[in-house]
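1. Provided below for reference: sequence and predicted model.
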Amino acid sequence: MTDIMPESAPFPAIVTGSGDLAAYLAASKARIDEALAESGAVLFGGFDVPTAEEFDTAVEAYGEPNFTYAESLSNAVRVNVTDRIFTANEAPPSTSIYLHHEMAQTPIYPSKLFFYCEIAPEKGGATPLCRSDILLEQLRKKEPQLVARFAEAGVRYTNTMPAEDDPGSGQGRSWRSTLSVDEKSGAEQRLSALGYDWQWQEDESLRVTTPVLDAVRAMPDGRRSFFNQLIAAFRGWSDTRNTASKSIAFGDGTLITPADMETAIRLSDELSYDLEWQAGEVALVDNFLVMHGRRPFEGKRRVLASLIQ
Ligand code: FE2
């Protein structure tokens, strides 16, 4: 390992090094966490991370507990590569994954995410990153009443899960897999414990509505972020079972309208930084401060992810 000096960059913070990333993460964790708290995302370039195995070792060396995909209520179809590492989303290359905080549409979410680019795409395929605290502050200046309503009323999400995985959709994970159950009765028990409403559909798919979840999150240092899944749901939750515009409501059940979402979407696009991947790069993202997504791409692209509790 060579001596590594992080270059200060507003967003994301960039660390350029060489050699063993696992050794660097283990030795420099305090400094990395400081940069992460400040910036919300840290990109590690130049290190020797040729395959998923080295990525797994690096995540392990960072030393925080794993958040498993199996236990999560994520809507995305994913494939585990190792215990800690999985494909970020199996949705087709032409599908945009819009900005979101990982699993903020469920009561159980990770605090941080690692991404790793094993194969860089030929065209497109960037990971947009957006500072959610800055977004919320700008939105509050333009629409104070709307932000107050989000903060006070919270939000509820509605989506329909298929009986079997549908990899053609960004939200195609089956209810069996999502809820870790085999039978309808088990699904009902799990949903009831989590405070969801549900309705079985004729084709065995399952329409669920979450309990009221926070749309705004207060950080220990006083910053607040637009911690939710509203943009991704409103822009992207359309497939054969779902209509995106009907997927989000305020906590009292009133649908959130296109006019409500317009400014937040425009600001998030303006604030986005496109992380254009080089093979071997690793990024660490604070899930409470920064939203992420996926641009459409052409050719082969393999970006893997790992979540921290
Ligand atoms: Fe995600």
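-> Received the coordinates, thanks. Numbering: from 1, shown residues only.
2. quick one: contacts for the closest residue to residue 39 other than its chain neighbours?
-> Spatial nearest neighbour of residue 39, chain neighbours left out: residue 13 (4.2 Å); criterion: Cβ to Cβ, 6 or more residues apart in numbering. (C-beta placed from N, C-alpha, C; glycine too.) By Cβ atoms under 8 Å, 6 or more residues apart in numbering, residue 13 lies in contact with 6, 35, 36, 38, 39, 41, 42, 43.
3. cool, residue 285 as well?
-> Applying Cβ under 8 Å, 6+ apart, the residues near residue 285 are 40, 41, 112, 113, 114, 115, 129, 292.
4. a markdown table for these, including distance to residue 75?
-> Converted to a markdown table, these look like this (distance: Cβ to Cβ, whole Å):
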| residue | distance to residue 75 |
| --- | --- |
| 40 | 24 |
| 41 | 23 |
| 112 | 20 |
| 113 | 16 |
| 114 | 20 |
| 115 | 18 |
| 129 | 20 |
| 292 | 15 |
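5. of these, buried ones?
-> With burial judged by 16 or more other Cβ atoms under 10 Å, the buried subset of these is 40, 41, 112, 113, 114, 115, 129, 292.
6. hey, what's the third one bridged with?
-> In other words, residue 112. Beta bridges link residue 112 to residue 286, residue 308, judged by DSSP bridges.
7. roughly how far apart are it and residue 82?
-> 18 Å (Cβ to Cβ, to the nearest Å).
8. beta partners for the residue nearest to residue 39?
-> Beta-bridge pairing for residue 13 (DSSP bridges): residue 42.
9. for the helix or strand containing residue 15, list every residue counted as buried.
-> For residue 15, the host element (DSSP states H and E) is strand 13-16. Neighbour-count burial for strand 13-16, counted by 16+ other Cβ under 10 Å, picks out 13, 14, 15.
10. again with stretch 121-134
-> Residues of stretch 121-134 classed as buried: 121, 124, 125, 126, 127, 128, 129, 130, 131, 132, 133, 134 (neighbour count, 16+ other Cβ under 10 Å).
11. among those residues, which are in helices?
-> Of these, the ones assigned to helices by DSSP state H are 132, 133, 134.
12. pick the one among the buried residues of strand 13-16 closest to residue 262.
-> Nearest to residue 262, judged by Cβ to Cβ, of these is residue 13 at 31.1 Å.
13. state the distance from that closest one to residue 88.
-> For residue 13, the distance to residue 88 - Cβ to Cβ - is 21 Å.
14. repeat that for residue 275.
-> When residue 275 is compared with residue 88 (using Cβ to Cβ), they lie 12 Å apart.
15. do the same with residue 134
-> 24 Å.
16. same question, residue 30
-> 28 Å.
17. of these two, who's got more company?
-> Between residue 30 and residue 88, counted using other Cβ atoms under 10 Å, residue 88 has the larger neighbour count: 20 against 7.
18. which residue is the nearest non-sequential neighbour of that one?
-> residue 305 (4.5 Å).
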